[in-house]
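1. next come a sequence and a model predicted from it.
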Amino acid sequence: MTATSGKKLTKAGRREQLLETAHAIVREEGTDALTLGRLAERAGVSKPIAYEHFRTRSGLLIALYKEIDDGQVAALVDALARAPRRLDEVARVVSRAYMACYTAAGPEWHAVSAALKGDEDMEAFQIQLIDHYVAIYRDAFRPCTDLPEADLHLRCVGIIGAAEAIAQDMIRQRVDEAAAAAALASLISAWLSSKA
């Protein structure tokens, strides 16, 4: 039971408490142990409260995934706002942020992501996430390249695929974070330069 379970919380406060409890369950027991019933029990609330906030186990897992991702997006947007508008600098910021996200998110995030593979709701959510990242990257790189908009868009989709593959190699400890970020930055700079 959590320390706040006896207090009357706002709806937002209760959701935050439930998400913190869900993180703890995943960290301590793994994603298989995370059900809405287990969450309610551990948080010291009734099952209907857990269901009211997340509706399904997939809804809970997506909420966990989104919470972690929102923090990473905020850090990326902040870093991009401070970066000089040169292709090599923007590529460096994007690459470092991507690899840092994988490192910072840790095993919890990867476990949640794996638990959602093949889930219809997660598939739709993943499409939204990729579209959101493509838009962020496209907006960040637009001032740095002469590529036509359609080409820039498609290359940003490819950058995300490459970033994911490189990050997986990093997670498998085949390359360290700095080398992974440098490789991705090099790829981005080459692919988006006006000479490409």
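-> All right, it came through fine.
2. and the most centrally placed residue in the chain, what's its pLDDT?
-> Nearest residue to the geometric centre of the chain (CA atoms, centre = their mean): Asp69, 3.1 Å. Note for Asp69: predicted pLDDT of 86.
3. now it: how far from Ser46?
-> Computed as CB to CB, to the nearest Å, the Asp69 to Ser46 distance reads 29 Å. No exception for glycine: its C-beta is placed from N, CA and C like everyone else's.
4. just Pro148 next, same as before
-> In terms of CB to CB, Pro148 sits 56 Å off from Ser46.
5. ends of stretch 43-51, how far apart?
-> With CA to CA, to the nearest Å as the measure, stretch 43-51 spans 13 Å from end to end.
6. can you list the buried residues in the helix or strand of the chain with the lowest mean pLDDT?
-> When each helix and strand of the chain is scored by mean pLDDT, DSSP states H and E, helix 87-115 comes last, with a mean of 85. Buried residues in helix 87-115, defined by neighbour count with 16 or more other CB atoms under 10 Å: 87, 89-102, 105, 108-109, 111-113, 115.
7. and Lys66, what helix or strand is that in?
-> helix 57-82 (DSSP states H and E).
8. what is that helix packed up against?
-> Helix 57-82 sits against helix 11-29, helix 36-43, helix 47-54, helix 87-115, helix 120-141, with contacts defined as 3 or more CB pairs under 8 Å, 6 or more residues apart in numbering; DSSP states H and E.
9. return the set of buried residues in that helix.
-> So helix 57-82, judged by 16+ other CB under 10 Å, has buried residues 57-58, 60-69, 72-73, 76, 79-80.
10. what helix or strand is Ala182 on?
-> helix 177-192.
11. got a list of contacts for that helix?
-> Helix 177-192 is contacted from outside by 87-88, 91-92, 94-96, 98-100, 103, 141, 144-145, 147, 152, 155, 158-159, 162-163, 166-167, 169-170, 175, 196, using CB atoms under 8 Å, 6 or more residues apart in numbering.
12. with stretch 115-132 instead?
-> For stretch 115-132, contacts defined as CB under 8 Å, 6+ apart pick out 31-32, 34, 56, 58-59, 61-62, 65-66, 69, 73, 157, 160.
13. quick one: which of the residues you listed is nearest to Leu19?
-> Lys66 (9.7 Å; CB to CB).
14. how much space separates the closest one from Ala79?
-> Relative to Ala79, and taking CB to CB, Lys66 is found at 20 Å.
15. I'd say Ala104 and Leu76 touch.
-> No: using CB atoms under 8 Å, Ala104 is not in contact with Leu76; the gap is 11.7 Å.
16. mind showing which ranges of this protein have poor pLDDT?
-> For the chain, the stretches with pLDDT under 70 are 1-7, 107-108, 194-196.
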